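A.B. asks: Just need the structure, nothing else, for what follows:
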Amino acid sequence: MAMTTERTCALEEAGIDYADALERFGGNEALYARLAVKYANDPHFAALEEALTADDTERAFSEAHALKGVAGNLSFAALYNTATKACEDLRAGDLEAGRAHLPALRAEHEAVLGALGSLAN
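C.D. replies: Residues are numbered from 1 along each chain as shown. Predicted coordinates:
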């Protein structure tokens, strides 16, 4: 599957560093696409939201850390950067500071999901 400039731009606009992803996946676009679209079923964002709503700092940290890992491995740069900030705040036990990142995390998560549709086609 060769990426068109239009698709690449859509990924980059969603905060996905596609050049980094290709380097990370050895230039194998098909492998990256196959793994990246699986993010739609990843439970960590929803679990993070749930933990923050329940005021469960420890679980929120665990879910933010997992989300950061997934985002980093798939070169979801914007999501990774915000998840890293949330993770640091939650690691320090600051639930409110961690919760303050939720709107940005939600927007980045939704942007990634929207952009991944171009990989599935």
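
A.B. asks: Which strands or helices does the longest helix that the chain contains pack on?
C.D. replies: Longest helix in the chain, counting residues (DSSP state H): helix 102-120. Judged by 3 or more CB pairs under 8 Å, 6 or more residues apart in numbering; DSSP states H and E, the packing partners of helix 102-120 are helix 5-13, helix 29-36, helix 44-53, helix 77-91. Where you see a C-beta, it was placed from the backbone N, CA and C, and this is true even at glycine.

A.B. asks: which one of those lies closest to residue 64?
C.D. replies: Nearest to residue 64 among those is helix 77-91 (4.3 Å), distances taken as CB to CB.

A.B. asks: now the worst-scoring helix or strand of the chain on mean pLDDT against helix 29-36, angle please.
C.D. replies: Using mean pLDDT, DSSP states H and E, the weakest-scoring helix or strand in the chain turns out to be helix 5-13, at a mean of 85. Orientation check (axes from the mean of the first three to the mean of the last three CA atoms, to 10 degrees): helix 5-13 against helix 29-36 gives 40 degrees.

A.B. asks: ok, residues contacting the next helix or strand after helix 5-13?
C.D. replies: Using DSSP states H and E, the helix or strand that follows helix 5-13 towards the C-terminus is helix 18-24. For helix 18-24, the surrounding residues in contact (CB atoms under 8 Å, 6 or more residues apart in numbering) are 3, 8, 11, 12, 28, 29, 32, 36, 73, 74, 75, 77.
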